[in-house]
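Participant: Quick one: sequence plus predicted model below, questions after.
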Amino acid sequence: MAGIEVHQLRKTYGDHEVLRGISFSVPPGQVCGYLGPNGAGKSTTIKILAGILQPDAGQARISGHDVKADSLAAKRALGYVPESGALYGLLSIREHLKLVADLYELEPKSAAQKVGQALELFSLEEVADQRVDTLSKGQRQKTAIAAGLLHDPEVVLFDEPLNGLDANAARQLKELIAGLAERGKAILYCSHVLDVVERICDRAVILAGGELVADAPTSELLAKAESLEAVFQSLTRAEDDEVLRAAFLDGDAP
Amino acid sequence: MSEGGPGSEAGPEGASRWDRLLRRLDVQPRPYRALLSALIQMDLRSVHYGRSTGVKPDEPLPPLFWVTGQLLLVSFLSCGFLFGRVDARAFALCGLAVAALSTFSAIVVGFDEVALDPKDAPILGPRPLTARTYAAARITNLGCYVALIGAALTLCPALSGAFLRDAGPAWLPTYVVASVAVCVASAALALLTILFFARRGHRLSGAKAALAWMQIAIFLAVVYGGQLVVRGGKTELAEWAASPPSAITQTPLDVLARAVAWSAWQGPSLETLGVLGGALALALGLTYLALLWLTKAYAELASGPLQRAKIAKSPRAGTVTGALSSALLGRRRALGLWWITTHFRRDPGLRLRTWPMLSLAFAAALMGVLSERGADPFVVRDAHSVVPLLALGLIAAALPQLALALRIGEDPSASWILRSAPLSEPGKFMGGVRLGLMIWTVYPALILIGVGFAWSWGSVSHALLAIAPAWLLSEATAQWSLVRVLRGLPFEIAAARGGALQPAAIPSALATGVAGGVAALQFYAAPNLAVYGALVAVLALGALAVGASSAKAWRRLLAPEAPAAPSPGGAA
């Protein structure tokens, strides 16, 4: 099986173990939701898969290529859309996409075509020659998405991709994700927006405290509770949430 | 980051010679060119759109202009000073030494942006870009920067040296070659030194600070040596230059300077060509070594653990010192004080931008004490007692530059937090900021220099008397500088390549002039304590007046809609 394979992944920062030997896989053609409360280790997992961080132990593979031992091949097969839309603010959208095309060594003619298509798809033609740091949050996010998909990767990591997108763009992205899965891409979708995850993901993996607490098809999880949010809360919520919330709102000591 | 390279892959047929060379070096040709092009474009834009050190978009001259202008000025002044006073070898030596020190310090101060930017990791990390390719692009980009500052440092000595009595037409090409070698080697050495100390990249800030202080120490030593020479007059300077101490003649710079001077006088010989060729080869060798180490450092950006910053406990309300500062200063001032002192405590870049500005004052004080020109002005009534007063005045003169340094921050986008806050009395908040700046820069300088003078003069009371006007002048200059130079909230501009002092140039000149005038008044008033007391009183009133007007100015700058709050004393 290709796609994404994670086996006994561990990562520690100082004396804090963020990932405690997690294992899961995402086959081609599947959209897998990757969920967890803040600080659970989701971003760390994504960064390891994207090659930005190295794991302390365990293995991670992208399309059969080990992210550590065969990192170049893994990165060529991977498309990554970061949460913060990490982009070079001083470059224009067009220049940024051209840089990405060159970094992936895409054939120049087809790269130019892809850039044009991406600008059209995400309605960025009018601002294509503006500097990224002058764009709105949504436009930056669209640029990051375009940059992540330009080279037609086999595996795509999305980290909160809907951040800043208007309703039309969000709908478009959801349809795009479905189209990518239909074309055999393996997609890991990391998000806190659980109703979107419910609708577009075939499977959900839930992380809490660095460990997997759930890994099942979304239909199976929904059969156990009224919504994915309810499942999520039952697996990850702190016990005294309501008390703390009341205290905060009413200005009382908890 | 990716370590595998394209070296073992066969390049495409018809690949150019340059591409084949790059592949031999394990550099991916097309990604290298693309990244280099992007880096150069970003450098140029950060100049033209004012996203750089302290320069706002409406200021007409870009900061890279000021960086090269400053270096050109340093080079011009040193050439002007030495021309006709020393022989060709000493002239070349000084020129090359200035080039080496200036290039070294430029790399040290701008290292993160210039060669290894941690912000690249999330953008380039997921891309199939080898660490070697990244390092090669960054070093080439650095080479453009080094070329610019090298040109600024080479122009004056290369042109003027050809007219030295003991030089000839061969001076120009041989000096240029030597200067290129020195600048490239200095840049490579700076990179290697920082990487050696930094090891895993997350200690860069500490390494930078250590090297910056080393630079200051070298500067102090050079100033001390220079004044010894200058005091001896023109003849002694020429004699010293003709027979420098062995500590200098054994340095590579002097070997190179001798080769340049000899070539200029006698024409190039095999030996001198060998020396120049060797220097170039050494420079290229150091650059290649820097490439290897930078490759490793970039690769280790991914494997280095995220450091949980050791959060220094900052006193605030709820702790004894926090409550005390709120009670003594008022809540807004205490907030401003806490905010700025927290930045000083946690941001090594801020300390690096501010503390070295006081080096001139320390240099003057040390020079005075060590060269027997640091006498007690209340006892000795001749030129031997002027330097201490001047040294104290130079502390105040540094304040416009200190204010400029506060413009830059690590998170300029976070400035919205203060901008959107209802700061109805911004003068009080900025008063706290000013106090924090003084606590972290000026007060320690005054205390250290004062202790030095007290020890040297054997009189604490005289040292305190000497410090008092300097302290009052510093208070007034700080108030004025923050309004005139900072002109807004601190940390609102992102740091970028190159250090420019342009927005503080005129205020610095004014502050230096005033400081010099006050030092002169101190000197003449010293014999009469009543007159001296009157001078101190005038300075105190002046500081209060500046404080009152700066409170109004802050209201105008930061809260123009807010009604003026009643202000009994008017002091910020």
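Facilitator: Thanks, I have it.
Participant: rest of the way, CA atoms for contacts and neighbours
Facilitator: Fine.
Participant: From the contact counts, what lies against the helix or strand where B:Thr193 lies?
Facilitator: B:Thr193 is part of helix B:171-198, with elements assigned from DSSP states H and E. Secondary-structure packing of helix B:171-198 (3 or more C-alpha pairs under 8 Å, 6 or more residues apart in numbering or on different chains; DSSP states H and E): helix B:88-109, helix B:131-161, helix B:204-231, helix B:252-266, helix B:270-303.
Participant: between that helix and helix B:88-109, how many degrees?
Facilitator: Orientation of helix B:171-198 against helix B:88-109 (axes from the mean of the first three to the mean of the last three C-alpha atoms, to 10 degrees) gives an angle of 30 degrees.
Participant: Which of the residues in helix B:171-198 are classified as buried?
Facilitator: B:171-195, B:197-198 (16 or more other C-alpha atoms under 10 Å in any protein chain shown).
Participant: just the helices in the stretch 151-254 of chain A please.
Facilitator: Remark: helices assigned in the stretch 151-254 of chain A by DSSP state H, counting those that start in this stretch are A:167-182, A:194-200, A:218-224, A:228-236, A:241-250.
Participant: could you dump the third one to CSV, C-alpha only?
Facilitator: As requested, C-alpha coordinates have been extracted for helix A:218-224 and formatted as CSV (Å, rounded to 0.1, in the frame of the first residue of the first chain):
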residue,chain,number,x,y,z
THR,A,218,-16.6,8.3,9.9
SER,A,219,-19.8,6.4,9.3
GLU,A,220,-18.8,4.0,12.0
LEU,A,221,-18.0,6.8,14.4
LEU,A,222,-21.3,8.6,13.6
ALA,A,223,-23.2,5.4,14.3
LYS,A,224,-22.1,5.7,17.9
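Participant: what does it rub up against?
Facilitator: A:Glu198, A:Cys201, A:Asp202, A:Arg203, A:Ala204, A:Leu228, A:Val231 (C-alpha atoms under 8 Å, 6 or more residues apart in numbering or on different chains).
Participant: what's the burial count for the closest residue to A:Cys201 other than its chain neighbours?
Facilitator: Of all residues not flanking A:Cys201 in the chain, A:Val31 sits nearest, at 4.9 Å (C-alpha to C-alpha, 6 or more residues apart in numbering or on different chains). The tally of other residues near A:Val31 (other C-alpha atoms under 10 Å in any protein chain shown) stands at 25.
Participant: contacting residues around A:Val31?
Facilitator: Counting by C-alpha under 8 Å, 6+ apart, A:Val31 touches A:Ile177, A:Ala178, A:Ala181, A:Ala186, A:Ile187, A:Leu188, A:Tyr189, A:Ile200, A:Cys201, A:Asp202, A:Arg203.
Participant: what's the closest of the helices and strands packed on helix B:171-198 to chain A?
Facilitator: For the helices and strands packed on helix B:171-198, proximity to chain A was assessed by C-alpha to the nearest C-alpha; helix B:270-303 is nearest, at 4.4 Å.
Participant: Could you check the angle the closest one makes with helix B:131-161?
Facilitator: 140 degrees.
Participant: elements contacting helix B:270-303?
Facilitator: Packed on helix B:270-303, when contacts are counted by 3+ C-alpha pairs under 8 Å, 6+ apart, are helix B:131-161, helix B:171-198, helix B:252-266.
Participant: next one: that helix to chain centre, how far?
Facilitator: The chain centre lies 25 Å from the centre of helix B:270-303; the measure is C-alpha atoms, centre = their mean, to the nearest Å.
Participant: just stretch A:130-145 next, same as before
Facilitator: Distance of stretch A:130-145 from the chain centroid (C-alpha atoms, centre = their mean) equals 18 Å.
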